[in-house]
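[1] Following is a predicted model, sequence given first.
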There are 2 protein chains.
Amino acid sequence: MHNAFEEIAGGKRSLHVQVAREIARKILSGEVAQNEIIPGEMILCGQFKVSRTSLREAIKLLTSKGLLESKPKVGTRVTSRENWNFLDSQLLDWLTGIGDNNAVYRDFLSLRNALEPEAAALAAENATAEQRILLSATFQQMDYISKNFDLERWTEADMEFHRLIFLSTGNSFYLPLANVLCTMFKSFIAHSSIKGSTCIGEHRAIYSAIMAGDANKARQANVELLSKSKRRLPSTE
Amino acid sequence: MHNAFEEIAGGKRSLHVQVAREIARKILSGEVAQNEIIPGEMILCGQFKVSRTSLREAIKLLTSKGLLESKPKVGTRVTSRENWNFLDSQLLDWLTGIGDNNAVYRDFLSLRNALEPEAAALAAENATAEQRILLSATFQQMDYISKNFDLERWTEADMEFHRLIFLSTGNSFYLPLANVLCTMFKSFIAHSSIKGSTCIGEHRAIYSAIMAGDANKARQANVELLSKSKRRLPSTE
DNA sequence: GTCGCCCTATTTGTATTACTATTAAGTGAC
DNA sequence: GTCACTTAATAGTAATACAAATAGGGCGAC
């Protein structure tokens, strides 16, 4: 009962996640400085009105994301920024609305810039038959949607398309990155005013190259797609 | 007492990590299949001789790495491989000695291929004065070490050099990747027989380009370094 | 007086237990 | 036969008790 209520109210999942989110936002926003030692557990327990266990779980969660670091007798300190794992969906989620969103978006594009062309090339070489079928289906859907345009469905299909490319690389390390990019994708279409041009032509070029197994062509096509994305970047240049 | 003993014996850190490692290896090695439901908590508790809490923490840890997924009443199931977060140091650690190490190394090189040239280019554009000083110091050290060669110290410096490049990009998303690559680096120099040629010339080229702020040159130099690395890949081609 | 060792208090880390919410499945009524 | 309600099983949450580690201070010896 109260659970359902709070869920719609504040996005509550569980106590410790709630607490973790609170602390994370303080850290990410700079309200508590890097390398600063946060108050002892007992104090925080009182502050958040939660049991020590819950607070400890929250701290543990943040530690696993690289935001905090605990040592006996000295306390828990905020780590320096270079240790923060920005490739974490939850962290990314917490980030929305605090930092400079355009800067984050630029960083996001940079990452896509590095990864996607290479992923497309690898996919062209390594995609399995099954993956090619999936990719084919998804592209056809994109093609269809691009005709009678529907932003939401387009975004969905677009994301799936790029995700499939990452999965098709056959490279273990690209798999988690696919999820990361998807999360950012969602995060940015939700919070920024980038209304998508469909780029169906560029997508077709990538698609065709992958299906043909032409790695270089796939890479090149993806570079072109990204350069088009860059041109419609909101505020920079 | 018994703690210290077990620590030297099996590299034990804590109970749940030990259990998690055990389960993770079963999953990663394929001993338990993807999408398979693992036995209920009580059964596993008996099997591992640990309390329910410890086991739950282990499961939670694995869940956070994307290996498991729990649902009430149905149990805990192994997720499909595409959800496994291979960009996790601990997971990478657990991976050593089970999969095809050469395949993983190839994947690792692919990732470097995508990321490092772009990172070098970004670093050339965005490195702060302080970061340039650090980079300079590290390179000089590399230069020195390359003369009277010492594998261990050289590896250390090499890693630091590439890490600094990632940090100097000023891109939030490259920061965690720096750590990931370092972990893999360590993992591979420890478990593979790649005796390094120093590549001091290529490193100098990258270094100079970054210091000069020439992004394209930095990118190109890094591509060349990687192509050299590729040539001394153990078993492939 | 200073150096070094040990003791203690504080803070994190670990484990056991008890309780709550969720949900699939089985049972009964309409 | 279908739908709803109850029930049992399992995961999730929280509180408590216990253990280990360490920094800092105090005490003693040189």
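    Noted; the coordinates are in hand. Numbering: from 1, shown residues only, chains lettered A, B, ... in the order given.

[2] Enumerate the residues of chain A near DNA strand C.
    A:3-4, A:40-42, A:53, A:56, A:59, A:70-73, A:75-76 (Cβ under 7 Å from any atom of the strand). Just so you know, the C-beta spots here come from the backbone N, C-alpha and C atoms, and that holds for glycine as well.

[3] Go again with 6 Å.
    Residues of chain A found near DNA strand C (Cβ under 6 Å from any atom of the strand) are A:3, A:40, A:41, A:53, A:56, A:70, A:72, A:73, A:75, A:76.

[4] Would you mark the buried spots in the helix or strand containing residue A:175?
    Using DSSP states H and E, residue A:175 maps to helix A:174-191. Across helix A:174-191, burial judged by 16 or more other Cβ atoms under 10 Å in any protein chain shown covers A:174-189.

[5] tell me what whichever helix in chain A runs longest is packed against?
    Counting by DSSP state H, the longest helix found in chain A is helix A:101-126. Here helix A:101-126 touches helix A:151-167, helix A:174-191, helix A:200-212, helix A:215-231, helix B:101-126, helix B:174-191, going by 3 or more Cβ pairs under 8 Å, 6 or more residues apart in numbering or on different chains; DSSP states H and E.

[6] any idea of the angle that helix forms with helix A:151-167?
    Per axes from the mean of the first three to the mean of the last three Cα atoms, to 10 degrees, the angle that helix A:101-126 makes with helix A:151-167 is 50 degrees.

[7] next helix or strand past helix A:101-126?
    Following helix A:101-126 toward the C-terminus (DSSP H and E): helix A:129-147.

[8] Kindly export stretch A:204-213 (C-alpha atoms) in PDB.
    This file holds the C-alpha atoms of stretch A:204-213, laid out as PDB (Å, rounded to 0.1, in the frame of the first residue of the first chain):
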ATOM      1  CA  ARG A 204      20.600   1.800 -44.500                       C
ATOM      2  CA  ALA A 205      24.300   2.300 -45.500                       C
ATOM      3  CA  ILE A 206      25.500   0.700 -42.200                       C
ATOM      4  CA  TYR A 207      22.900  -2.000 -42.500                       C
ATOM      5  CA  SER A 208      23.900  -3.000 -46.000                       C
ATOM      6  CA  ALA A 209      27.600  -2.900 -45.300                       C
ATOM      7  CA  ILE A 210      27.200  -5.200 -42.300                       C
ATOM      8  CA  MET A 211      25.000  -7.600 -44.200                       C
ATOM      9  CA  ALA A 212      27.500  -7.600 -47.000                       C
ATOM     10  CA  GLY A 213      30.300  -8.300 -44.500                       C
END
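
[9] Tell me the secondary structure at the residue in chain A sticking out farthest from the centre.
    Distance from the C-alpha centroid of chain A, by Cα atoms, centre = their mean, peaks at residue A:73 (35.8 Å). Under DSSP: H, G, I helix; E, B strand; the rest coil, residue A:73 falls in the coil class.

[10] Now the phi/psi pair for it, please.
    The phi and psi values for residue A:73, taken as degrees, to the nearest 10, are phi 80, psi -30.

[11] Kindly report the same for residue A:68.
    The phi/psi pair for residue A:68 (degrees, to the nearest 10) is phi -130, psi 170.

[12] For it, give its distance to residue A:168.
    With distances taken as Cβ to Cβ, to the nearest Å, residue A:68 is found 37 Å from residue A:168.

[13] Turn the helices and strands packed on helix A:101-126 into a markdown table, including distance to residue B:134 and mean pLDDT.
    Conversion of these to a markdown table gives the following (distance: least, Cβ to Cβ, whole Å; pLDDT from 0 to 100):
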| stretch | distance to residue B:134 | mean pLDDT |
| --- | --- | --- |
| helix A:151-167 | 33 | 92 |
| helix A:174-191 | 27 | 85 |
| helix A:200-212 | 39 | 95 |
| helix A:215-231 | 30 | 90 |
| helix B:101-126 | 11 | 93 |
| helix B:174-191 | 13 | 85 |
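
[14] Which of those helices sits closest to DNA strand D?
    With Cβ to the nearest atom of the strand as the criterion, DNA strand D lies closest to helix A:174-191 of the helices and strands packed on helix A:101-126, at 19.2 Å.

[15] by contact count, what packs against that closest one?
    helix A:89-95, helix A:101-126, helix A:151-167, helix B:101-126.

[16] Using TSV, lay out those together with mean neighbour count.
    As requested, these are exported to TSV (neighbours: other Cβ atoms under 10 Å in any protein chain shown):
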stretch	mean neighbour count
helix A:89-95	18
helix A:101-126	22
helix A:151-167	19
helix B:101-126	22
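
[17] Out of these, the one nearest residue B:15 is which?
    Closest of these to residue B:15 is helix A:89-95, at 25.6 Å (criterion: Cβ to Cβ).

[18] Is that closest one positioned near DNA strand D?
    No - Helix A:89-95 stays out of contact with DNA strand D when judged by Cβ under 6 Å from any atom of the strand, the minimum separation being 13.7 Å.

[19] about what we covered before: nearest to residue B:214, of the buried residues of helix A:174-191?
    Minimum distance to residue B:214 across the buried residues of helix A:174-191 is 27.9 Å, recorded for residue A:177 (Cβ to Cβ).

[20] Verify the contact between the closest one and residue B:82 for me.
    No - in this structure, residue A:177 is not within contact of residue B:82 by Cβ atoms under 8 Å, at 11.2 Å.

[21] how's chain A carved up into domains?
    A:2-89, A:100-231 (automatic domain parsing).

[22] deepest of those, which one?
    domain A:100-231 (a mean of 18; mean count of other Cβ atoms under 10 Å in any protein chain shown).

[23] Return the distance of it from the chain's centre.
    14 Å (Cα atoms, centre = their mean, to the nearest Å).

[24] What residues does chain A have near DNA strand D?
    A:13, A:14, A:15, A:16, A:50, A:51, A:52, A:53, A:54, A:72, A:73, A:74.

[25] For the fifth one, grab phi and psi.
    So that's residue A:50. Torsion angles, degrees, to the nearest 10, at residue A:50: phi -130, psi 160.

[26] who in chain A is up against chain B?
    Proximity of chain A to chain B (Cβ under 8 Å from any Cβ of the partner chain) is limited to residues A:64, A:66, A:81-87, A:104, A:107-108, A:110-111, A:113-115, A:117-119, A:122, A:167, A:169, A:171-179.

[27] tell me the least confident of the residues of chain A next to DNA strand C?
    Within these, residue A:3 has the lowest pLDDT, namely 32.

[28] dump the residue contacts of residue A:83.
    A:66, A:67, A:69, B:175, B:179 (Cβ atoms under 8 Å, 6 or more residues apart in numbering or on different chains).
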